[in-house]
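In: predicted model, plus sequence, below.
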Amino acid sequence: MEDRFHVELALLLGGDLAIEPVGAESLQLGDGDWLDALRPVIPAGHAVVWLDPAAERCRASVAVFNATRAEVQVVEVPPGEGAEALLALSVREVLSTAGAESPPPPPEPTPPPPESVPPRNEPVNPAHPRVGATATTPMNGAVRGGAIVQTDWTLQPGLSAGLRLDIQAGAHGLWLQPGVQVTRGRWVVGTHAAVVRHAWGYMVRPGARLGMLVPLSEEHIPGVSLTWLPVRDIVHRDRSILYDSGVLELTLEYTWGRARD
């Protein structure tokens, strides 16, 4: 019977069958020591099939090995003509349905992406208004003082440009001085066209300014600047000079405003 069973099983399995003689006393179902001895030499995904010659029915045991254990199933058919072919067919069905490897665990779910925070609808290069007080000393020594109103816009970190208006009054008249300025770090350069009204009439006088800021905080910023006047305002009477603006002016200022975001 054993030879006929091998032949029938070889016809069904083809080249996937290898026959090795093993003593019948070693092939006892439930013999854990024997299965443990086979596990190191049987690759995962392979199976061992043996017959039980002492059984009244045609019986075969099938042990399918995977990476961690061996699963054993027993198939049997009634004795009689063609029992070997039917038993071989049953063994092939077991081999085709038995999983040699446990199915891999499902992959861990991909964590959802972090919730995106919608950008704040802030204006590009927001304006930064400031107000302050100023005092100017020209070369003739006639000190004047007043207020500053300015607004600048950030062009890049540490660089801004803006508009400035100085309104000053002194013993010799009133100064209305609009202009533009650029700030780089602590240094300020600017230009203006001052409209001057004094007792002797009106004068439009351009100027260029170089200054340095000394911030106490982002809100409070004092500074000092020197202004060059390319056009001098000079008033003559009877060969005497009643008023001379000079070519240089020294200005002290103190501005305050909201800190930049």
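Out: Everything's here; your move.

In: send me the helix or strand hosting Leu9 as CSV with only the CA atoms.
Out: Taking DSSP states H and E as the definition, one finds Leu9 inside helix 2-13. The C-alpha coordinates for helix 2-13 follow below in CSV (Å, rounded to 0.1, in the frame of the first residue of the first chain):
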residue,chain,number,x,y,z
GLU,A,2,2.8,2.4,0.9
ASP,A,3,4.4,2.1,-2.5
ARG,A,4,1.2,2.6,-4.3
PHE,A,5,0.4,5.7,-2.2
HIS,A,6,3.8,7.1,-3.0
VAL,A,7,3.2,6.6,-6.7
GLU,A,8,-0.2,8.3,-6.6
LEU,A,9,1.1,11.2,-4.5
ALA,A,10,4.1,11.7,-6.8
LEU,A,11,1.7,11.8,-9.8
LEU,A,12,-0.3,14.6,-8.1
LEU,A,13,2.6,16.6,-6.7
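
In: quick one: distance of that helix to the chain centre.
Out: 65 Å (CA atoms, centre = their mean, to the nearest Å).

In: same deal with stretch 220-235?
Out: The answer for stretch 220-235 is 49 Å, by CA atoms, centre = their mean.

In: again, but for stretch 172-187
Out: In terms of CA atoms, centre = their mean, the centre of stretch 172-187 is found 42 Å from the chain centre.

In: per-residue confidence for the nearest residue to His198 once chain neighbours are set aside?
Out: Nearest residue to His198, sequence neighbours excluded (CB to CB, 6 or more residues apart in numbering): Gly173, at 3.1 Å. From N, CA and C alone the C-beta is placed, and that goes for glycine too. pLDDT recorded at Gly173 is 85.

In: give me the neighbour count for Gly173.
Out: 19 (other CB atoms under 10 Å).

In: residue contacts, it?
Out: Contact analysis of Gly173 by CB atoms under 8 Å, 6 or more residues apart in numbering lists 196-199.

In: pLDDT below threshold where in the protein?
Out: 1, 14-34, 53-57, 98-107, 117-125, 140-141, 259-261 (pLDDT under 70).

In: domain assignment for it?
Out: 2-97, 127-256 (automatic domain parsing).

In: any chance of the ones you listed in TSV, plus distance to Pro114?
Out: TSV is the format used below for these (distance: least, CB to CB, whole Å):
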stretch	distance to Pro114
domain 2-97	38
domain 127-256	28
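
In: quick check: beta-bridge partners of Val188?
Out: Following DSSP bridges, Val188 is listed with bridge partners Thr183, Gly211.

In: scratch that, Ala133 is what I was asking about
Out: Ala147, Tyr254.

In: so it touches Asp166, yeah?
Out: No - here Ala133 lies out of contact with Asp166, judged by CB atoms under 8 Å, at a distance of 10.4 Å.
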